[in-house]
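Novice: Mind folding the following:
(2 chains)
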There are 2 protein chains.
Amino acid sequence: MSQRSDDVPVFEMRPIGFVRSPHRETADIPKGPGAKHRAEGTLELRPELEDGLADIEGFSHLFVVWVFHESEGYDLVAKVPLDDRRPHGVFSSRSPRRPNPIGLSVVELLHRDGPRLRVRGVDMLDGTPILDIKPYLTSVSPEKLKRGWVGEAEARKRGA
Amino acid sequence: MSQRSDDVPVFEMRPIGFVRSPHRETADIPKGPGAKHRAEGTLELRPELEDGLADIEGFSHLFVVWVFHESEGYDLVAKVPLDDRRPHGVFSSRSPRRPNPIGLSVVELLHRDGPRLRVRGVDMLDGTPILDIKPYLTSVSPEKLKRGWVGEAEARKRGA
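Specialist: Next comes the predicted model:
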């Protein structure tokens, strides 16, 4: 599905840089229940944007907003690797087939070398365009967090 | 500053909906040290995307990716309300004047009414375009989280 209304504004986004990742193909990326993203990679900013990284070394974790650049079209409802029993809404999942193909990852900052950030927790493909980097500032406390069908699917797989 | 390289690809994003918020002007939004975002608001999806919300009721918290639609241009380094002592890099801050004017908020889901999600923790202006909604699944544990200049600035203000 890829129909889109024409009565909404369009925002143009340009990559601030690209991800260097050990994941060359989608199949390389751990998915599904209990998937751990421990891979190291590099966020390479366009050199002219390097000054925007001032003081970033003090943060342990960063949000990375990026583009599923190999994804085309979207499904409002679809099955995902974490749950093969029934489909879920796209906004209730991390499916790449989204109305706007935006990905969001939390990575651990290991070190900085000029416009390059070495990070752990890369779940993006090599060459992924980066739209933004932001400091990770506050967590939701575990006792307040409900994880919907994801928590249920993980519990079911653990028990299986 | 708003120069941009023309040698990078452009990605077009269209709002999936808009934020209804009590904040009519930027000045209404709590900012700076210890700012609490407890305001309630509504994420109103385009009606044709409603099916994408299937199963979202089970999640307590959501990521909202949105557009700083009133922001123009960017500063790689600038002073921000949290720290009037010295400027910080744009990727180390939540400044609206970013190369891509993308905002990211974590909100608490209160209830759903069709294509409308009532949420707490709205720090966006009324009318803000929403690009994506994703479930909030995991937190970084507090003992592993370093908050860089933000932690220092908050501690300084508390001690002042």
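Novice: For the lowest-mean-pLDDT helix or strand in chain A, C-alpha coordinates in PDB please.
Specialist: Taking mean pLDDT, DSSP states H and E as the measure, chain A has helix A:148-159 as its least confident helix or strand, at a mean of 84. Listed next in PDB are the C-alpha coordinates belonging to helix A:148-159 (Å, rounded to 0.1, in the frame of the first residue of the first chain):
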ATOM      1  CA  GLY A 148       1.600  -4.400  25.300                       C
ATOM      2  CA  TRP A 149       1.700  -7.300  22.800                       C
ATOM      3  CA  VAL A 150       5.500  -7.200  22.700                       C
ATOM      4  CA  GLY A 151       5.700  -8.200  26.400                       C
ATOM      5  CA  GLU A 152       3.100 -10.900  25.900                       C
ATOM      6  CA  ALA A 153       4.800 -12.300  22.800                       C
ATOM      7  CA  GLU A 154       8.200 -12.400  24.600                       C
ATOM      8  CA  ALA A 155       6.700 -14.200  27.600                       C
ATOM      9  CA  ARG A 156       5.000 -16.700  25.300                       C
ATOM     10  CA  LYS A 157       8.300 -17.500  23.500                       C
ATOM     11  CA  ARG A 158      10.200 -17.800  26.800                       C
ATOM     12  CA  GLY A 159       7.600 -20.200  28.000                       C
END
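Novice: residues in contact with that helix?
Specialist: Residues outside helix A:148-159 that contact it (CB atoms under 8 Å, 6 or more residues apart in numbering or on different chains) are A:33-34, A:82-83, A:85, A:88, A:92, A:147, B:55-59, B:135, B:137. For the C-beta atoms, the positions are set from N, CA and C on the backbone; glycine is no exception.
Novice: just checking, which of the residues you listed belong to strands?
Specialist: A:D83, A:R85, A:H88, B:P135 (DSSP state E).
Novice: Determine which two of these are furthest apart.
Specialist: The span of the ones in strands among the contacts of helix A:148-159, defined through CB to CB, is set by A:R85 and B:P135 at 17.4 Å.
Novice: Show me which of the two is the more surrounded one.
Specialist: B:P135 (24 against 10; other CB atoms under 10 Å in any protein chain shown).
Novice: Does that one touch B:L62 like I think?
Specialist: Yes - using CB atoms under 8 Å, B:P135 is in contact with B:L62, at 6.3 Å.
Novice: can you list residues touching both of these two?
Specialist: Joint contacts of B:P135 and B:L62 (CB under 8 Å, 6+ apart) are B:I56.
Novice: what residue ranges in chain A are flagged as low confidence?
Specialist: Within chain A, the stretches with pLDDT under 70 are A:1-6, A:32-34, A:160.
Novice: Distance from the chain centre to the lengthiest strand in it, please.
Specialist: For chain A, the longest strand by residue count, based on DSSP E, is strand A:102-113. Relative to its parent chain, strand A:102-113 has a centroid offset of 10 Å by CA atoms, centre = their mean, to the nearest Å.
Novice: Of all the residues in that strand, which ones are buried?
Specialist: The neighbour-count check on strand A:102-113 (16 or more other CB atoms under 10 Å in any protein chain shown) flags A:I102, A:G103, A:L104, A:S105, A:V106, A:V107, A:E108, A:L109 as buried.
Novice: which parts of the helix or strand following that strand are buried?
Specialist: Next along the chain after strand A:102-113, taking DSSP states H and E as the criterion, comes strand A:116-120. Across strand A:116-120, burial judged by 16+ other CB under 10 Å covers A:R116, A:L117, A:R118, A:V119.
Novice: repeat for stretch A:127-134
Specialist: So, applying 16+ other CB under 10 Å, buried residues of stretch A:127-134: A:T128, A:P129, A:I130, A:L131, A:D132, A:I133, A:K134.
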